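Asks: what follows is a predicted protein model with its sequence.
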Amino acid sequence: MKELLKVKDLVIHYQTDDGLVEALNGVSLSIGEGETLGLVGETGAGKTTLAKGIMRLIPNPPGKIKEGEIFYDGKDLLALGDIEMQDIRGGHISMIFQDPMTSLNPVMTVGDQIMEVIQKHNNISKQEAYQKAGEMLELVGIVKERANDYPHQFSGGMKQRVIIAIALACNPKLLIADEPTTALDVTIQAQVLEMINRLKKKLNTSMLLITHDLGVVAQNCDHVAIIYAGEIVEYGDLQQVFKNTQHPYTEGLFGSIPSLAANVKRLQPVEGLMPDPTDLPEGCKFHTRCKYVQDICKKNVPPLIDIGEGHLVRCVRCQKQ
Amino acid sequence: MTDAKNEILRVEGLKKYFGSSGAVLHAVDDVNFSINEGATLGVVGESGCGKSTMGRTILRLHEPTEGKVFFKGENIVDYDKKQMKALRKEMQIIFQDPFASLNPRMSISETIIEPLIIQGVYDKKDKAGLQKRVRELMDLVGLAERLINTYPHELDGGRRQRIGIARALALNPKFIVCDEPVSALDVSIQAQILNLMQDLQDELGLTYMFITHDLSVVKHFANDIAVMYLGQLVEKAPAELLFKNPLHPYTKALLSAIPVPDPDYKMERILLQGEITSPINPEPGCRFAKRCPLATAECSGQDLVLREVEPEHFVTCRLVQ
Ligand SMILES: Nc1ncnc2c1ncn2[C@@H]1O[C@H](COP(=O)(O)OP(=O)(O)O)[C@@H](O)[C@H]1O
Ligand SMILES: Nc1ncnc2c1ncn2[C@@H]1O[C@H](COP(=O)(O)OP(=O)(O)O)[C@@H](O)[C@H]1O
Ligand SMILES: [Mg+2]
Ligand SMILES: [Mg+2]
């Protein structure tokens, strides 16, 4: 598989009145062509920051990309000028934002909103753009006659499909979807994910799928990265991470979800809370909640090591083996 | 059938309509069920199907349009203001969004004290007694004593939900409507709160009506599950049985849409066509018929009631033998 996106040692901090928010602390990842990478972590782990970092949409101030590199199709995105970057956004990389309901313009018809994106990135006539907008709507299962309707005339699930139509309107090669179905009911979520997957296959799009739902990952991704306090703590293919879970935090995530199959009397969650990103602990950032904590964890930041066939784990227990 | 002796709540023909003349929204439309003391009834269904309205109408936070609610054998729909005030001690509610349901200008201790004073359990001047009770309750829900004078905005979602629970428990209620109490929380915090609620139920003998859209949570938590669709219960059964042998086509579709966190599990989704329809002036007949893959002409025209098709398993669908 050809590598489409490569992020190396990305560090992003926000300077706020409450102190320096260390949101992303050296994240590396790569996504191949046509591949879906799931990014899983709890609120505040840095998922949206990573996504916006790749899109170069970190608000500055207060945010700043401090270190690291981002390569898209071999191009160094951090070295691009604003105009070139605009061409990448929408034309090559599209993002579905976490709060979908705020990313549609309430006073513009959905058809016009899709057309706007198409015309920005393609040199085609208004009529052609209108026709393409209609096709995109049909692709996401909405009849093209509804192109003249406004967002408030659609239900939540339909609005989300419109957003996906906009994100895919320019046949991006990489789709970054930030919790695209979190606000939807399961039946609608199933419809939306099914549709994204169908379009992905058809267009051979790569995807970074951000979610906190391990079920969504298991059913939609090829690889998964678990992120905690701005660091990737475990990475691998689904079999490696789901069937041979190594990091105590990943273990805690699995212990937190009620199982449909087994009859678990009591959930086994990670105790405690995520550390304050303005005041991260020394050593392993997870050590304050870890049930296997040793003295060394409080001093040294464990490296992310390959425990075999690309299964990466950031834990001192794996280092020893 | 339920043992009448143990029954704490019974709902008969409960209706709650909104609006008048012309467009009447049938939020809850002829619901019947009962809950035994110390048990948990899970109520599941997509957003807008009437779960919250049903919970609130049972507590008479909404006045029912029609129907009876028996609490410990007495029809509380007939209760006057004074009787209702006394009853509030026994029936409480926990809301989804702990932030929106707490007064931002009240500290933890003031929040917990309020119902104790309103109900006249303690005299306002009995500072020592009140402080003691607040500390007891904080301890019960796992809130550190040092937080006693903090305000909701200073706390994370999990702790805010613990305040909501402490406040609901302040008056030693018997029955609690839990309206999506963990839906807004991250999975590890969600699991912590679910464990807490389970412990409290065991310790205090509480009866819960647990409203959620997350089916794996109710399977874990509830004794019985009622599936709601457009204001009506379409299926009700013990939790295990409902998952093992779902009978209503809607329940089947709902269960098939849950993403299973196991990469080896191949989901066979029953994809529903179309969106949930409007609950305004619904026509008689099965309300799911428009989306149902099995519906025939006979499904419309006549309203359906829950029938017992195997012991303790109730379903409305006329196609189920
Ligand atoms: N614009 C911003 N200004 C200051 N802090 C921010 C900003 N955006 C995000 N953060 C902080 O960065 C951390 C990571 O946030 P985010 O990337 O949104 O996490 P996630 O998407 O995983 O919930 C959090 O502590 C958050 O409060
Ligand atoms: N106070 C109200 N006035 C009018 N309609 C309402 C009111 N509360 C709820 N509804 C409507 O009743 C239906 C059921 O809503 P709700 O009980 O909140 O559903 P759920 O909790 O299952 O999401 C919805 O169509 C909603 O719009
Ligand atoms: Mg986010
Ligand atoms: Mg509700």
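Replies: Here it is on my side, so go on. Ligands and ions are numbered 1, 2, ... in the order given.
Asks: show me chain B divided up by domain.
Replies: As given by automatic domain parsing, the domain ranges for chain B are B:7-90+B:174-315, B:104-172.
Asks: would you turn those into JSON lines with mean neighbour count?
Replies: C-betas here are computed from N, CA, C, even on glycine. Shown next, in JSON lines, are the domains of chain B (neighbours: other Cβ atoms under 10 Å in any protein chain shown):
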{"stretch": "domain B:7-90+B:174-315", "mean neighbour count": "19"}
{"stretch": "domain B:104-172", "mean neighbour count": "17"}
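Asks: these: which one's closest to A:Leu174?
Replies: Among these, the nearest to A:Leu174 by Cβ to Cβ is domain B:7-90+B:174-315 (22.8 Å).
Asks: ok, B:Ser21 - contacts?
Replies: B:Ser21 is in contact with no residue at all, counting by Cβ atoms under 8 Å, 6 or more residues apart in numbering or on different chains.
Asks: hey, where'd the helices end up in the chain?
Replies: Reading this off chain A. A:47-55, A:82-91, A:110-121, A:126-139, A:156-168, A:186-203, A:214-220, A:238, A:248-256, A:316-320 (DSSP state H).
Asks: sorry, I should have been clearer: chain B.
Replies: Under DSSP H, chain B gives helices at B:51-58, B:81-87, B:98-101, B:108-118, B:127-140, B:157-169, B:187-204, B:215-221, B:239-244, B:249-256.
Asks: rank these by mean pLDDT and give me the bottom one.
Replies: Out of the helices of chain B, helix B:98-101 stands lowest, with a mean of 77 (criterion: mean pLDDT).
Asks: now distance to B:Val11 too, for the helices of chain B, in a markdown table please.
Replies: Shown next, in a markdown table, are those (distance: least, Cβ to Cβ, whole Å):
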| stretch | distance to B:Val11 |
| --- | --- |
| helix B:51-58 | 6 |
| helix B:81-87 | 15 |
| helix B:98-101 | 24 |
| helix B:108-118 | 25 |
| helix B:127-140 | 29 |
| helix B:157-169 | 20 |
| helix B:187-204 | 20 |
| helix B:215-221 | 18 |
| helix B:239-244 | 19 |
| helix B:249-256 | 20 |
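Asks: any chance of a markdown table for those helices, columns distance to ligand 2?
Replies: Below are the helices of chain B laid out as a markdown table (distance: least, Cβ to the nearest ligand atom, whole Å):
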| stretch | distance to ligand 2 |
| --- | --- |
| helix B:51-58 | 3 |
| helix B:81-87 | 19 |
| helix B:98-101 | 14 |
| helix B:108-118 | 23 |
| helix B:127-140 | 27 |
| helix B:157-169 | 17 |
| helix B:187-204 | 18 |
| helix B:215-221 | 14 |
| helix B:239-244 | 18 |
| helix B:249-256 | 13 |
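Asks: what's the pLDDT at residue 266?
Replies: Let's take chain A. 90.
Asks: my question was about chain B
Replies: B:Lys266 is assigned a pLDDT of 88 by the prediction.
Asks: against B:Glu114, how distant is the residue lying farthest from the centre of chain B?
Replies: Taking Cα atoms, centre = their mean, the residue of chain B most remote from its mean C-alpha position is B:Lys125, at 35.7 Å. Using Cβ to Cβ, to the nearest Å, B:Lys125 is found at 15 Å from B:Glu114.
Asks: do the same with A:Met108
Replies: Taken as Cβ to Cβ, the span from A:Met108 to B:Glu114 is 46 Å.
Asks: which residues sit against stretch A:4-22?
Replies: Residues outside stretch A:4-22 that contact it (Cβ under 8 Å, 6+ apart): A:23-33, A:35, A:46, A:49-50, A:53-54, A:58, A:61-73, A:173-174, A:206, A:208, A:230, A:277-280.
Asks: and if we set it to 7 Å?
Replies: Among residues not part of stretch A:4-22, those counted as contacts by Cβ atoms under 7 Å, 6 or more residues apart in numbering or on different chains are A:23-33, A:49, A:53-54, A:58, A:61-73, A:173-174, A:206, A:230, A:277-278, A:280.
Asks: okay, and the beta partners of the nearest residue to B:Ile93 once chain neighbours are set aside?
Replies: Once flanking residues are discounted, B:Ile93 sits nearest to B:Val177: 4.5 Å by Cβ to Cβ, 6 or more residues apart in numbering or on different chains. Counting by DSSP bridges, B:Val177 is bridged to B:Ile93, B:Met209.
Asks: wait, what's in contact with the closest residue to A:Tyr150 other than its chain neighbours?
Replies: Nearest residue to A:Tyr150 in three dimensions, chain neighbours excluded: A:Thr109, at 5.8 Å (Cβ to Cβ, 6+ apart). Listed by Cβ under 7 Å, 6+ apart, the contact set of A:Thr109 reads A:Ala147, A:Asn148, A:Asp149, A:Tyr150.
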